[in-house]
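A.B. asks: Please find the sequence and the predicted model below.
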Amino acid sequence: GLVQLSRVLKRNPRIRILNLGGNDIESRGATSYAEGLKFCTNLVEVDLAYNAIGPHGATAIADALKDNHTVKELNFAGDEVGDPGAIAIAELLKVNNTIERVSLSRNQIDYKGALALAEMLKINSSLVNIELHHNRLGALGTLLIAYAARVHTSLAELWVSNNHASKRFQKIVSALRTSRLGIF
């Protein structure tokens, strides 16, 4: 299935939207799919949500998109990418300034992933929306990301709710909102 999809992607570079959400692709499938992604020069949206691609699959996809200048939206929600996958995606977003929206919600991302994403926000200039809700960022990871988001010039929405931080701490993070940046 996915090897064939990779071949289809290589032969049809005009594909603009690819939604493979909820198809149990897993790591091996994502790695195969990443090979085909390198040839999609018109692709603007990649949705791999709820496919359990794990850190290796996320890394393969991130590596494949480093030289892509058309993709604007990435959805990795519920893909179990963890810290290693979040770090790979943060590295992608440091060099790719075309991507505007990224969902990494429900991915078991902890402090190391939060730190990498916060560092990326200091460099990236294209993100408008990043969803990190329902992870394990904790109070410190959430705060690092929220502070980095304040200096990010294009970010309009940061979703960091339900990240193992107390309600009192969530109020502190909410206070970091600005007229330009919504923190949810």
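C.D. replies: Now that the structure is in, tell me what you want to look at.
A.B. asks: any idea which element Leu143 lies in?
C.D. replies: helix 138-151 (DSSP states H and E).
A.B. asks: three-state assignment of the most centrally placed residue in the chain?
C.D. replies: The chain has Val102 as the residue nearest its centroid, 4.1 Å off, counting by CA atoms, centre = their mean. The assignment at Val102 comes out as strand when based on DSSP: H, G, I helix; E, B strand; the rest coil.
A.B. asks: returning to what we had before: by contact count, what packs against the helix holding Leu143?
C.D. replies: helix 111-121, strand 157-159, helix 167-174 (3 or more CB pairs under 8 Å, 6 or more residues apart in numbering; DSSP states H and E). (Glycine included, C-beta is placed from N, CA and C.)
A.B. asks: if you set the cut-off to 7 Å instead, what comes out?
C.D. replies: helix 111-121, helix 167-174 (3 or more CB pairs under 7 Å, 6 or more residues apart in numbering; DSSP states H and E).
A.B. asks: looking at those helices, which has the lowest confidence?
C.D. replies: Least confidently modelled of the helices and strands packed on helix 138-151 is helix 167-174, at a mean of 67 by mean pLDDT.
A.B. asks: And the next helix or strand past that one?
C.D. replies: Counting by DSSP H and E, the element after helix 167-174 in chain order, helix or strand, is strand 182-183.
A.B. asks: Adjacent strands (with direction) for that following strand?
C.D. replies: Strand 182-183 has these partner strands in its sheet, going by DSSP bridges: strand 157-159 (parallel).
A.B. asks: buried ones in the partner strand?
C.D. replies: Residues of strand 157-159 classed as buried by neighbour count (16 or more other CB atoms under 10 Å): 158-159.
A.B. asks: any idea of the mean pLDDT for it?
C.D. replies: For strand 157-159, mean pLDDT rounds to 92.
A.B. asks: And the contacts of it?
C.D. replies: For strand 157-159, contacts defined as CB atoms under 7 Å, 6 or more residues apart in numbering pick out 105, 129-133, 146, 149, 181-184.
A.B. asks: tell me the pLDDT at the closest residue in space to Gly21 that isn't next to it in sequence?
C.D. replies: Residue nearest to Gly21 in three dimensions, not counting chain neighbours: Ala49, with 4.2 Å by CB to CB, 6 or more residues apart in numbering. In this model, Ala49 is scored at 98, pLDDT.
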